[in-house]
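A.B. asks: Sequence first, then the predicted structure:
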Amino acid sequence: MKKWIGLFGLLMLFVCAQAQKSDYSGWQVWRVTVKTKAQLDTLLKKVQDVWSHEVGLGDIDVCLSPKEQAMVRSMRLPIRVLISDVGAVIQSQESDFQIQGDLFSQYQNYDQVILAMRNLQRQYPNLVEMFLIGTSTAGRPIYGLRITRGVRQQRLYSNRPAVLFNGCQHAREWVTVSTNLYIAYQLAGLYGSNTQITDLLGRLEVYIVPVVNPDGYVFTWTNNRLWRKNRRYLGNFQNGPAYGVDLNRNWGYEWGGQGSSNNVYSETYRGPSPMSEVETRRLAQLMASLPNLRAHIDFHSYSQLILWPWSYTSTLTVSDPTFSAVGNQMRLAIEGVHGMNYTPGPVYTTIYPAAGAILDWVYGVHRVLSFCIELRDEGQFGFLLPADQIRPTAEENFAAVLELLEWTKGRFVF
Ligand SMILES: [Zn+2]
């Protein structure tokens, strides 16, 4: 009897999860051109979900419900429809998931990501070590990979500089997860046959955290494809229950300034205090535990940008010449693979102010060369990048990663 109640419970859970799934039929993504500050303010009042990183005069990408479309249309601004049926695109990509393929021809859910990490460790035990960084708000494990020659012989090589890559602070940016997995698979897979990579892995330690925000990531698979923040329950406020902090506004360096919100319902809600979220704290602890950490890339999507500090101010860092030089090398490397154009520059002046972003913390607190790369595309599909672009996106960014590893190997100070 008990068994049947259990089964019934499971079935109900399944039915509820299905029923709760956000429905985006009739939603569209528009690129709206605003010419005045007044137009911009009116637009931002009417729209819940801004996709664009550039919130200023000019072009803005927004994801609109049918009701919002009518409101924005009444403003009589120039409009270009980027995605005419968001619901259909999400659905068509969901049916793609059924097709079996290799790791980089489709997106991977969280269980599949963990499995892919385990498999890599099993395949290359002397090169790859999977480790637990901590657990998320909902108790999910956050895993990392450590990749270096003789990985099991020493917990940390004191004479090897370290580089860290991470993805998926923002849940809906799926291609960042695949790109991080791709970096791990290429490094491990090419060790021994590719002389450059063989040399690099004997001199460096590489850390890879594909999913910083597992609760949000799982939620984008089960409930709402376009969820961005983590999933912490914040409380019941004037507009009902509120969930989630924007992890990339929660970092504790110049926290709380421009480009972050104190509104619990906002997509850029920065949290009640710096480092209030367990996910940011665990990644911060990992970085703080690596005395040799010299470089870092936080992957996001979309917009095709190579960004560096500061995010909180327009002032340039003292390291700007180095950031510029390495950023430009990465830009050229990316362009050399599939001809794609990624725009380089400091966050604040290249896109928008974003106080509380990870790269300001990593550079500001640890003086580590910290980049944010916004992956494909430039807005045609935005967060709903088709699965056939995973591999080329990962390939071109692996070329950028090699540039950063080359820079880092010469950066060791005893
Ligand atoms: Zn992002």
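C.D. replies: Sure thing, it's come through.
A.B. asks: switch to C-alpha atoms for all contacts and neighbour counts from now on
C.D. replies: Fine.
A.B. asks: So L57 sits against K37, correct?
C.D. replies: Yes: the criterion here is CA atoms under 8 Å, and L57 meets it with K37 at 6.9 Å.
A.B. asks: can you pull the contacts of the residue in the chain that the ion sits nearest to?
C.D. replies: Nearest to the ion, among the residues of the chain, is H300, at 4.3 Å (CA to the ion). For H300, the contacting residues are G167, C168, Q169, H170, E173, T176, C372, I373, E374, L375, by CA atoms under 8 Å, 6 or more residues apart in numbering.
A.B. asks: can you confirm it is in a strand?
C.D. replies: Yes: under DSSP: H, G, I helix; E, B strand; the rest coil, H300 sits within a strand.
A.B. asks: so what's it scoring on pLDDT?
C.D. replies: H300 is assigned a predicted lDDT (pLDDT) of 98.
A.B. asks: And the one 5 residues further on, by the same measure?
C.D. replies: As predicted, L305 sits at a pLDDT of 97.
A.B. asks: Pretty sure I197 sits in a strand.
C.D. replies: No: counting by three-state DSSP, I197 falls outside a strand, being helix.
A.B. asks: residues near it, how many?
C.D. replies: 20 (other CA atoms under 10 Å).
A.B. asks: And the pLDDT for G58?
C.D. replies: So G58 comes in at 87 (pLDDT).
A.B. asks: Return only those of the contacts of H300 found close to the ion.
C.D. replies: H170 (CA under 5 Å from the ion).
A.B. asks: now, which of the contacts of H300 sits nearest L332?
C.D. replies: The shortest approach to L332 among those belongs to I373, at 13.8 Å (CA to CA).
A.B. asks: From the contact counts, what lies against the helix or strand hosting K67?
C.D. replies: Applying DSSP states H and E as the criterion places K67 in helix 66-73. Helix 66-73 sits against helix 37-46, with contacts defined as 3 or more CA pairs under 8 Å, 6 or more residues apart in numbering; DSSP states H and E.
A.B. asks: Off-centre distance for the helix or strand following the helix it packs on?
C.D. replies: Past helix 37-46, further along toward the C-terminus, the next helix or strand under DSSP H and E is strand 49-50. On the basis of CA atoms, centre = their mean, to the nearest Å, strand 49-50 sits 17 Å off its chain's mean C-alpha point.
A.B. asks: Report whether strand 49-50 contacts the ion.
C.D. replies: No: using CA under 5 Å from the ion, strand 49-50 never reaches the ion; the gap is at least 12.1 Å.
A.B. asks: List every C-alpha atom in whichever helix or strand comes after that strand, with coordinates, as PDB.
C.D. replies: Following strand 49-50 in sequence order, the next helix or strand is strand 58-64 (DSSP H and E). What follows is strand 58-64, C-alpha atoms only, in PDB (Å, rounded to 0.1, in the frame of the first residue of the first chain):
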ATOM      1  CA  GLY A  58      19.700  52.800 -29.400                       C
ATOM      2  CA  ASP A  59      18.700  49.100 -29.900                       C
ATOM      3  CA  ILE A  60      17.300  47.100 -27.000                       C
ATOM      4  CA  ASP A  61      16.200  43.400 -27.200                       C
ATOM      5  CA  VAL A  62      13.100  42.600 -25.100                       C
ATOM      6  CA  CYS A  63      11.100  39.400 -24.700                       C
ATOM      7  CA  LEU A  64       7.400  40.300 -24.700                       C
END
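A.B. asks: in strand 58-64, what's buried?
C.D. replies: D59, I60, D61, V62, C63, L64 (16 or more other CA atoms under 10 Å).
A.B. asks: Also stretch 105-123?
C.D. replies: For stretch 105-123, by 16+ other CA under 10 Å, it's 105-110, 113-114, 116-118, 120-121.
A.B. asks: ditto for stretch 364-377
C.D. replies: G364, V368, L369, S370, F371, C372, I373, E374, L375, R376, D377.
A.B. asks: Next: stretch 30-50.
C.D. replies: Buried, per 16+ other CA under 10 Å, within stretch 30-50: W30, R31, V32, T33, V34, L40, L43, V47, Q48, D49, V50.
A.B. asks: Make a markdown table from these and add pLDDT to it.
C.D. replies: Formatted as a markdown table, those follow (pLDDT from 0 to 100):
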| residue | pLDDT |
| --- | --- |
| W30 | 94 |
| R31 | 92 |
| V32 | 93 |
| T33 | 93 |
| V34 | 92 |
| L40 | 89 |
| L43 | 90 |
| V47 | 88 |
| Q48 | 84 |
| D49 | 87 |
| V50 | 87 |
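A.B. asks: which residues of the stretch 101-250 of the chain fall in strands?
C.D. replies: 128-135, 141-147, 162-166, 205-209, 233-237, 240-243 (DSSP state E, counting those that start in this stretch).
A.B. asks: Over to the stretch 301-414 of the chain?
C.D. replies: 305-308, 343-346, 369-375.
A.B. asks: How about the residues of the stretch 101-250 of the chain by the ion?
C.D. replies: So the stretch 101-250 of the chain meets the ion at H170 (CA under 5 Å from the ion).
A.B. asks: which one of the strands of the stretch 101-250 of the chain lies closest to D85?
C.D. replies: strand 240-243 (26.4 Å).
A.B. asks: Just want the angle from the helix or strand that that closest one is followed by to strand 128-135.
C.D. replies: On the C-terminal side of strand 240-243, the nearest following helix or strand under DSSP H and E is helix 278-288. Going by axes from the mean of the first three to the mean of the last three CA atoms, to 10 degrees, helix 278-288 is angled at 130 degrees with respect to strand 128-135.
A.B. asks: Tell me which other helices or strands helix 278-288 touches.
C.D. replies: strand 128-135.
A.B. asks: Give me the sheet partners of the strand it packs on and which way each runs.
C.D. replies: Sheet pairing for strand 128-135, assigned by DSSP bridges, gives strand 141-147 (antiparallel).
A.B. asks: what's in contact with the partner strand?
C.D. replies: 114, 117, 127-136, 184, 187-188, 201, 205-214.
A.B. asks: Mind giving me the PyMOL select for those, buried ones only?
C.D. replies: The PyMOL command for the buried members of the contacts of strand 141-147 (criterion: 16+ other CA under 10 Å) is given here:
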select buried, resi 114+117+127+128+129+130+133+134+135+136+184+187+188+201+205+206+207+208+209+210+211+212+213+214
